[in-house]
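A.B. asks: Generate coordinates for the sequence data below:
(one chain, ligands or ions: 1)
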Amino acid sequence: MSTSVLFDHYGEPGTLYVKDEPVPRPGSGEVVVRYRAIGINPIDWKILRGDLRARVPMNLPGACLGVEAAGVVVAVGPGVRRFTVGDPVIRHGRPGTFRTHEAVPAAQEADQLTPQPGRFSAEQAAVLPVAAGTAYSALRQVGLRAGERLLVHGASGGTGLATVQLALLMGASEVVGTGSARHHALLRGLGATPVEYGEGLRDRLDRLGPFHASVDCAGGQQPTDMAVHAVKDPARRVTIADRRAHERGVPHLDHVPLELASTLDLIGHSPFALPVAARFPLSQAAAALALGLEGGVGGKIVLLPGE
Ligand SMILES: NC(=O)c1ccc[n+]([C@@H]2O[C@H](COP(=O)([O-])OP(=O)(O)OC[C@H]3O[C@@H](n4cnc5c(N)ncnc54)[C@H](OP(=O)(O)O)[C@@H]3O)[C@@H](O)[C@H]2O)c1
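C.D. replies: Model (predicted):
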């Protein structure tokens, strides 16, 4: 059997329910993947609440959340040559990973499956696509170069922690990251200079600057104000989290094509890991989303479908 976590109408995490179904069969050009770990992201609760219904329309009833996971190919449909049974893969892109098994288009152009490099555990592979992929696109958009100094807002969240690490891999001379004091040791451990957001941030950043570029992974008034204050060239600022900030000179992120593959190329065999702050069984997806909605967990939240 296959187990899915579904919802029939937009709402809060309590609206999710668990459903058992037969394991899907792969159609032409598809493989069936059995997931071993599933990443949770803010986009999941934004979709569930209906906040994104114009940009990410869901097929209700019986819709499934989840935009990233890692697992193993367990069946291959006609016409698929890219994968064989037993291959470890990373699933990314359109929603639908809150389940044990899924039939997924296999073609590279579909951009939903990427071979999982052996160096990553299933859990680490599952949380790479959104956080690390988005961080990669953001750093490319601001044109970060070796020897430059970067400011990251929301550095202690999933995407921020990936941005800090990728920026240092790209050769940034210093990464200053905003986050709550309880997450400063985590940021220091990754090589960033932590700074508390909130009152007095402008003075603290003036002491720590100047900055060549700024990536906002938090969104809102202060990160926008500080990006404009700290980095003079608008082309060297980006936000992943605030669609109105472009009116104030902070452009929104445009993802690069085949983002995950490029991100994995950049990481190669360098040290890179996203802290996992909490793990839940798949059947407790509602509790996992509720924790994410509370905020401030300081890392990724993962669903484990079990064996
Ligand atoms: N455009 C895209 O493709 C894309 C991709 C990924 C994410 N996003 C969006 O980006 C945002 C962050 O995602 P995430 O997965 O990194 O979320 P997350 O793991 O929940 O992290 C958010 C972080 O923001 C910090 N924060 C909250 N208020 C702040 C403020 N005023 N100044 C600075 N930092 C602040 C929090 O830090 P403390 O806990 O230390 O207080 C928290 O660690 C979400 O809105 C998400 O939807 C967009």
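A.B. asks: CA only for contacts and neighbour counts going forward, please
C.D. replies: Will do.
A.B. asks: The residue most central in space within the chain: helix or strand, and which one exactly?
C.D. replies: Centroid-nearest residue in the chain: Val130, 2.3 Å away (criterion: CA atoms, centre = their mean). Val130 belongs to helix 128-141 when assigned by DSSP states H and E.
A.B. asks: any idea which helix or strand comes after that helix?
C.D. replies: strand 149-153.
A.B. asks: how many neighbours does whatever residue of the stretch 1-150 of the chain ends up closest to the ligand have?
C.D. replies: Residue of the stretch 1-150 of the chain nearest the ligand, by CA to the nearest ligand atom: Pro42 (4.5 Å). Residues within reach of Pro42, counting by other CA atoms under 10 Å, total 12.
A.B. asks: you'd agree Ala273 is up against Gln124?
C.D. replies: Yes - judged on CA atoms under 8 Å, Ala273 makes contact with Gln124 at a distance of 6.9 Å.
A.B. asks: With neighbour numbers in mind, choose between these two.
C.D. replies: Ranked by neighbour count (other CA under 10 Å), Ala273 and Gln124 place Gln124 first, with 22 against 16.
A.B. asks: Run me through the strand neighbours of the longest strand seen in the chain, direction for each.
C.D. replies: Secondary structure assigned by DSSP state E gives strand 30-40 as the longest strand of the chain. For strand 30-40, the pairing partners within the sheet under DSSP bridges are strand 68-76 (antiparallel), strand 101-105 (antiparallel), strand 300-304 (antiparallel).
A.B. asks: where's the nearest residue to Glu307 once chain neighbours are set aside relative to Leu303, distance?
C.D. replies: With CA to CA, 6 or more residues apart in numbering as the criterion, Glu307 has its nearest non-adjacent residue at 7.7 Å, and that residue is Arg36. Taking CA to CA, to the nearest Å as the criterion, Arg36 is separated from Leu303 by 9 Å.
A.B. asks: and the end-to-end length of stretch 254-263?
C.D. replies: This stretch, stretch 254-263, spans 15 Å end to end (CA to CA).
A.B. asks: correct me, but Ala37 touches Ser121?
C.D. replies: No - taking contacts as CA under 8 Å, Ala37 lies outside contact range of Ser121: 9.4 Å.
A.B. asks: more neighbours, those two?
C.D. replies: Ala37 (29 against 13).
A.B. asks: Can you pull up the residues of the chain that come close to the ligand?
C.D. replies: 41-43, 130-131, 134, 153-154, 156-160, 178-180, 183, 197, 217-218, 223, 240-241, 253, 295-299 (CA under 6 Å from any ligand atom).
A.B. asks: out of those residues, which are inside strands?
C.D. replies: 153, 178.
A.B. asks: Which of the residues of the chain next to the ligand are buried, as a ChimeraX select command?
C.D. replies: Listed next is the ChimeraX selection for buried residues among the residues of the chain next to the ligand, using 16 or more other CA atoms under 10 Å:
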select :41,43,130,131,134,153,154,156,157,158,159,160,178,179,180,183,197,217,218,223,240,241,253,297,298,299
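A.B. asks: I'd assumed Leu169 was in contact with Ile267.
C.D. replies: Yes - between Ile267 and Leu169 there is a contact at 7.5 Å, judged by CA under 8 Å.
A.B. asks: residues shared between the contacts of these two?
C.D. replies: Common neighbours of Ile267 and Leu169, using CA atoms under 8 Å, 6 or more residues apart in numbering, do not exist here.
A.B. asks: Domain parsing of this protein, as residue ranges.
C.D. replies: According to automatic domain parsing, the chain comprises the domains 2-127+274-304, 130-248.
A.B. asks: out of those domains, which comes closest to Ser262?
C.D. replies: For the domains of the chain, the distance to Ser262 is smallest for domain 130-248, at 8.1 Å, taking CA to CA.
A.B. asks: Quick one: mean pLDDT over that closest one.
C.D. replies: Mean per-residue pLDDT for domain 130-248: 98.
A.B. asks: Span of it from start to end?
C.D. replies: For domain 130-248, the end-to-end distance is 26 Å (CA to CA).
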